[in-house]
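Colleague: give the three-dimensional model of this entry:
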Amino acid sequence: MKETIYHGSDHIIENPEYGLGALTNDYGRGFYCTKSPELAKEWACGRGTNGVANKYELDMAGLKVINLNGEPYNILNWLAVLTKHRTYWQNSSISAEAKAYLHDNFYVDISGADVVIGYRADDSYFSFAQDFVSGAISLQKLKRAMYLGELGEQIVLISKKAFKNLKYVGYENADAETYFTMKNDRDGRARKAYREDKKTGVDLDELYMIDIMRGHIKNGDPSLQ
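Modeller: Below is the predicted model of the structure:
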């Protein structure tokens with residue numbers, strides 16, 4: 001099966017190179033793409049300058065894919081991977097212990113995968129994740145927050161095999177006047193909706209990070225559904 005995917009950038013990339021990218025990206029080094037050309041254009045114009053949505057065809061045959069948004073994974077698996085790679089987190093009395101608990105009980109080893117699929121932790125969504133880890137919001141609020149602003153999935157190529165299965169098709173121009181505005185509007189909608197949800201206060205029936213730790217909750221626990 002072949003997938004059409006897009007990579008937003010400030011320049012054309014006909015031959016993506018394996019091994020590039022920052023270790024502090026969501027899933028470490030890799031080539032970050034999306035199925036949405038519109039979302040790729042927003043990412044391309046993220047700094048307020050014009051860019052391009054590079055278009056590729058990815059042959060999925062024989063590739064090992066870890067989809068953190070699908071079964072058997074849950075949002076805490078995604079978060080545990082994020083805590084390993086992202087370096088900046090809010091300081092609180094619980095954050096260090098929470099990150100350690102997530103890593104010990106929910107971390108998914110993606111090193112053997114060719115492709116990883118999961119949420120993209122833009123600034124607003126990363127702040128939502130930090131709020132959960134620090135104990136400010138419940139798991140239920142985090143789940144709702146991840147769908148605010150029409151957040152899309154990202155498809156990340158992390159192995160040499162995946163890069164060999166990638167074929168450049170062309171590109172589409174991204175005008176910053178349009179797509180930088182769209183990106184900011186999307187982020188603004190997400191933050192506004194999140195603030196409104198957060199105002200509802202503490203719901204004692206919902207699950208917080210401290211409850212997960214105290215209850216020794218692990219993967220497969222029905223309370224995570």
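Colleague: what segments of this structure are helices?
Modeller: 37-44, 75-85, 95-106, 123-133, 139-145, 160-164, 176-198, 209-214 (DSSP state H).
Colleague: average pLDDT for stretch 9-21?
Modeller: Averaged across stretch 9-21, the pLDDT comes to 92.
Colleague: buried sites along that stretch?
Modeller: By neighbour count on 16 or more other CB atoms under 10 Å, the buried set for stretch 9-21 is 9, 16, 18, 21. Every residue, glycine included, has its C-beta placed from N, CA and C.
Colleague: mean confidence for stretch 145-163?
Modeller: 82.
Colleague: show me what the helix-or-strand element of the chain with minimal mean pLDDT is packed up against.
Modeller: The least trusted helix or strand in the chain, going by mean pLDDT, DSSP states H and E, turns out to be helix 123-133, with a mean of 80. In terms of contacts (3 or more CB pairs under 8 Å, 6 or more residues apart in numbering; DSSP states H and E), helix 123-133 is packed against helix 75-85, helix 95-106, helix 139-145, helix 176-198.
Colleague: pull out the buried residues from the second one.
Modeller: Along helix 95-106, the positions that meet the burial threshold by neighbour count (16+ other CB under 10 Å) are 95, 98, 99, 101, 102, 105, 106.
Colleague: so can I have TSV of these showing pLDDT?
Modeller: Formatted as TSV, the buried residues of helix 95-106 follow (pLDDT from 0 to 100):
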residue	pLDDT
95	82
98	90
99	89
101	93
102	93
105	95
106	95
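Colleague: would you format the residues you listed as CSV with distance to residue 50 included?
Modeller: Shown next, in CSV, are these (distance: CB to CB, whole Å):
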residue, distance to residue 50
95, 38
98, 40
99, 38
101, 44
102, 39
105, 44
106, 40
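Colleague: which residues of this protein score low on pLDDT?
Modeller: Along the chain, the model assigns pLDDT under 70 to residues 87-93, 121-123, 147-151, 201.
Colleague: if we can go back for a sec, how far does the least confident helix or strand of the chain sit from the chain's center?
Modeller: 11 Å (CA atoms, centre = their mean, to the nearest Å).
Colleague: in that helix, what counts as buried?
Modeller: The neighbour-count check on helix 123-133 (16+ other CB under 10 Å) flags 124, 125, 126, 128, 129, 130, 131, 132, 133 as buried.
Colleague: so what's residue 167 up against?
Modeller: 56, 57, 58, 59 (CB atoms under 8 Å, 6 or more residues apart in numbering).
Colleague: and if you look at residue 174?
Modeller: 8, 40, 41, 42, 44, 45, 50, 51, 52, 53.
Colleague: mind exporting stretch 46-60 as PDB, just the C-alpha atoms?
Modeller: C-alpha atoms of stretch 46-60 as PDB (Å, rounded to 0.1, in the frame of the first residue of the first chain):
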ATOM      1  CA  GLY A  46       5.300  28.500  11.000                       C
ATOM      2  CA  ARG A  47       7.800  31.400  11.200                       C
ATOM      3  CA  GLY A  48       5.800  33.800   9.100                       C
ATOM      4  CA  THR A  49       7.600  33.200   5.900                       C
ATOM      5  CA  ASN A  50       6.600  31.500   2.600                       C
ATOM      6  CA  GLY A  51       7.200  27.800   2.300                       C
ATOM      7  CA  VAL A  52       6.400  24.700   0.400                       C
ATOM      8  CA  ALA A  53       4.500  21.400   1.100                       C
ATOM      9  CA  ASN A  54       6.800  18.800  -0.300                       C
ATOM     10  CA  LYS A  55       4.800  15.900  -1.600                       C
ATOM     11  CA  TYR A  56       6.000  12.200  -1.400                       C
ATOM     12  CA  GLU A  57       4.700   8.700  -2.000                       C
ATOM     13  CA  LEU A  58       5.600   6.300   0.800                       C
ATOM     14  CA  ASP A  59       5.500   2.600   0.000                       C
ATOM     15  CA  MET A  60       4.300   1.000   3.300                       C
END
